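**Student:** fold the following, please.
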Amino acid sequence: MSKSSSCRPAISVLLAASLALQPLAAGAALHQLSFVKADSAVLETFDFVSNADWDYDANPPAKSASGQSLDRAYVTAAFAQMAKSTFTMSEGRHRVGTVYVYPSSRFGNRVDIKMISLIPGRSNATVSRFQIGSGVSTNFLEATPELLGKVMAHENGHYVYGLMDEYREAGKPINPNDNSDPSQIDTPLNTIMNDHTAFSSFSTAADNVAPANTANRRFYDGASAWEVLSRPLARDSEQQQRFGSRTAYRALAGHTPASPSDLTRPITGWDGAFKVVFVNDPLDSTTYVISRNVRADQLPAIKNAVSESIRKITLGAKAIATVVTYGGNNGAAQMVYRATLQTEEARTAALAAVEAITVDTVPGNLEAALAGIVAEISGLYAANSITLGDGISVNVFAGGDDNISVATRDRVKELRVAINANILTNNGVQPGSSAKRAVLQTELAQKAMRAKVSAGTVTLAQLAHASGGHFTDAHKASALSAGAVKAQAASGGSLEATLAVDQVDTLAAGAKFELKTPVLAKTDGKLTFNTYWGEDADSSKIRFELTAPDGSQYAPSNPLVNQALGAGGQIKYVMDADSASASFEVASAFAGKNGLWTSTVTATAAITNSIEQDVIAESTLRAEVDVQRDGTANPTLIVKVASNRAVVGAVATAYIYDADGKLKLTKALLDFGEGADARAGDGVYSASLGSQLAAGQYEVVVVTTQGPYGAVLSTNGLTVKGVNAVPEPLGGAFSRVADTMLTVAPTTVVEYYVPSLKKYFMTGRESEKSLLAQYPAAYSLTGMSFVAGPGLAPPAGTQPICRFYFAPPLANTHFYGGPLDCALVSTMLAGNPAANNEGIDFAVAVPDTSANCPASAPVKVYRAFNNRGAQNDGNHRYTVSTARYNQMIAAGYTADGAVFCVASATDAP
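**Tutor:** Below you'll find the model as predicted:
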């Protein structure tokens, strides 16, 4: 895609340079207070985070159906009932511990449980997202708190446990594209996943026998709730995993009540750890941990980012700032400042302490620094100086990633400390457009966050995600500052969304760089229009202007001086030459906010460095992107678009860039309930990336806009039994930008032996591997494997390999071949129903005419045939060693020679 502004699309967020260099607003992270504690092998305690869309203290509204005040007593009673139901339905193996409740929708969708009173709706939940992110349980108020508590327990059946419904949806035909959808043919079971008002247990095998039919039974291949909850994840199919990697809880493992008579339905002991904590005015303790062991050209950018974050702290008696350095001082950590930021004088002192930090070549030990901070926080808890529910965050600033022990990670999680990791991987100066792109700010930097832990360590990105923090990896000063500021805002529960992003590489004298951004007054509050440039010296060449939807223009009289503009000073212009940035802040109460805004940068003299713009809104409408099965050969990309209800009818497009910033794939994400999308019309848009990207790490930017027929707010999805509310039109155009990283693993082709048939079979398809893993006795892995490329996007030097199944009477065998083989077979057997073309499986190199393999793929893969085609018992076997190949020939197989070339392989033992 062109980076020229003259070729910019209407929603100008699609340019590779801007998307790859500017960190975006934080996506879907865990909340630091959300937690699971293993009390014993058969008991686990869950801490949940919730918010209410009203203030339960300041004149709480009355629920119209019953007239009951929606105060703390109502909320506490609702969660008490949820805790009772949870204990009973889990057979006493799960209990609710602390529920942290925020007022006025604080933290938005970044909680576990939302309570909605201001609008009607049908409660619903995202499946299997507890402790994972990118999902929430949304609950619309009921007539009594007890009914609400039972609804929340039902929704936790989806959100926490990954179960489907077991009720009958009258008047709804079965959906052939979604077997998780209740229908009119279903059999209502006496379970909480049918009727939470009458029943309190999960289904057993005896409930589930034919002709019983439920969405859960269809989705889980005939299994009841308890059969699913007690089994290992390896038993789940690929389709089942699409709903979000169901968690297998230790306390439920192997516990399979066979019938309702085996259920104990305990009702005492549910409150052994239960309490509700209303988090209205928490302590805000922010610790900045700064590496001194960085280059001299990196430190100014790091210090400026820390200072920008400190400037965003709201002054008050509960705002505590601590600055710690590591590196120098014989390698030990050193606290250089701590104070309560009640006054501007205290903030100024903190900024001075940061400015005084210098580079030191003595290596520091971040592990030791964090361990010391964690020990101090533990002591503060012990002394009751801080309590669970306070906002405790540690912001790390360094010149590169680091490894932290699993023990420290676990202790951080236990103490509910959010780690915000801010990494500057360049010198703070804008790289050229052909340079390797920075990693965007993302809470789900997928490779690092989801990689399997090795040698007892995790990366900073993994630590940030696990603790409910944020991760920024930037290549320039403004990106580091922006990431730090956004992390600080998110840690305090601010609801921010990125509306638009764009960049130009240069700007000629007199040229203009415009960014047009649709704003939706229904969901968008305070607006911030930012511009960034690469060199401080360019500050005097920048003129930044803003045009409102009604055409009113706002421009500073002096671009270098901060000033208030508009009626009542509701638009503030801020120039920050130190961080090479400027911004307009538009108050939430600004009249005429709805519509298309235009922010314009004009160069008063030629600018040869890049200039960026982004637009941030305090907004309830957010797009949160995630990757399922990241780090495999077949990841699935999803984006959830929601305010207080899901947004249905949007258009979501993913732009996927390689490490050099080159656009490799543009992919539409769909909400049709087909293919990779688990459920139609639930506001979760999905796309499978299998076989479309070569192995490697990628940056993903998802742009979501209003669809051609308009978008609506809807409560469709996995819902409680009842009637959906009428969808509400969103009321105008919108755009949202979200980002993440994903890692595509090489396609690994594996071999199975089928004892009953005495045949070998190999596949590179993840769906088939997942299926066959459920039947290890029938399909036994031989240990042979080799690495291949994606068949639909063959890497350079490889060819796509097709697979045919020759059904009887043709031989009853699978055959793999290159394009010429496939074309020949297709021609020779055209119209023969026994010749089944099963599509492209993987990509590999092939030997040359002299049977030699290239240096990039030196390992030969040999093919042999058992010569039993006439008996309809044929079998091709593929081997990766001459010894194994010769063994098959000695057993009577015909030698076909080397047919593939691969980079690496493992022979069967």
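**Student:** show me the shaky parts of the chain.
**Tutor:** Along the chain, the model assigns pLDDT under 70 to residues 1-29, 64-65, 238-239, 241-244, 329-331, 426-455, 475, 718.
**Student:** domain-wise, how is it divided?
**Tutor:** For the chain, automatic domain parsing gives the domain ranges 5-28+284-386+389-619, 35-265+274-278, 622-744, 747-906.
**Student:** got those as a markdown table, with mean neighbour count columns?
**Tutor:** All C-beta atoms are positioned from the backbone trio N, CA, C, and that covers glycine. Converted to a markdown table, the domains of the chain look like this (neighbours: other Cβ atoms under 10 Å):
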| stretch | mean neighbour count |
| --- | --- |
| domain 5-28+284-386+389-619 | 20 |
| domain 35-265+274-278 | 20 |
| domain 622-744 | 21 |
| domain 747-906 | 17 |
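**Student:** which residues sit in contact with the closest residue to residue 369 other than its chain neighbours?
**Tutor:** Counting by Cβ to Cβ, 6 or more residues apart in numbering, residue 369 lies nearest to residue 333, which is 3.8 Å off, once chain neighbours are set aside. The contact partners of residue 333, by Cβ atoms under 8 Å, 6 or more residues apart in numbering, come to 289, 324-326, 364-365, 368-369, 372-373.
**Student:** CA atoms of the host helix or strand of residue 503 as CSV?
**Tutor:** Residue 503 is part of strand 496-504 when elements are defined by DSSP states H and E. Below are the C-alpha coordinates for strand 496-504, written out as CSV (Å, rounded to 0.1, in the frame of the first residue of the first chain):
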residue,chain,number,x,y,z
GLU,A,496,-9.5,4.9,25.7
ALA,A,497,-9.7,3.8,22.1
THR,A,498,-7.6,4.6,19.1
LEU,A,499,-9.9,6.0,16.3
ALA,A,500,-7.4,6.6,13.6
VAL,A,501,-3.6,6.6,12.8
ASP,A,502,-1.6,7.8,9.8
GLN,A,503,1.9,8.8,8.8
VAL,A,504,3.8,10.5,6.0
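**Student:** now do that strand: which elements does it pack against?
**Tutor:** For strand 496-504, the elements it packs on are helix 16-21, helix 477-491, strand 512-519, strand 611-619, strand 735-744, judged by 3 or more Cβ pairs under 8 Å, 6 or more residues apart in numbering; DSSP states H and E.
**Student:** got the angle for the fourth one vs strand 496-504?
**Tutor:** Relative orientation of strand 611-619 with respect to strand 496-504: 170 degrees, computed using axes from the mean of the first three to the mean of the last three Cα atoms, to 10 degrees.
**Student:** which strands and helices lie in contact with strand 611-619?
**Tutor:** Using 3+ Cβ pairs under 8 Å, 6+ apart, strand 611-619 is in contact with helix 16-21, helix 477-491, strand 496-504, strand 512-519, strand 524-533, strand 595-603.
**Student:** from residue 111, how far out is residue 63?
**Tutor:** Separation of residue 63 from residue 111 (Cβ to Cβ, to the nearest Å): 21 Å.
**Student:** which stretch of helix or strand covers the spatially most central residue of the chain?
**Tutor:** Centroid-nearest residue in the chain: residue 626, 2.6 Å away (criterion: Cα atoms, centre = their mean). Residue 626 belongs to strand 622-628 when assigned by DSSP H and E.
**Student:** adjacent strands (with direction) for that strand?
**Tutor:** Counting by DSSP bridges, the strands paired with strand 622-628 are strand 636-642 (antiparallel).
**Student:** hmm, who's touching the partner strand?
**Tutor:** Contact with strand 636-642 is made by 28, 109, 126, 134-136, 242, 621-629, 646-647, 650, 652, 654, 667, 669, 676, 683-689, 700, 702, 704, 736, 738, 742, as judged by Cβ under 8 Å, 6+ apart.
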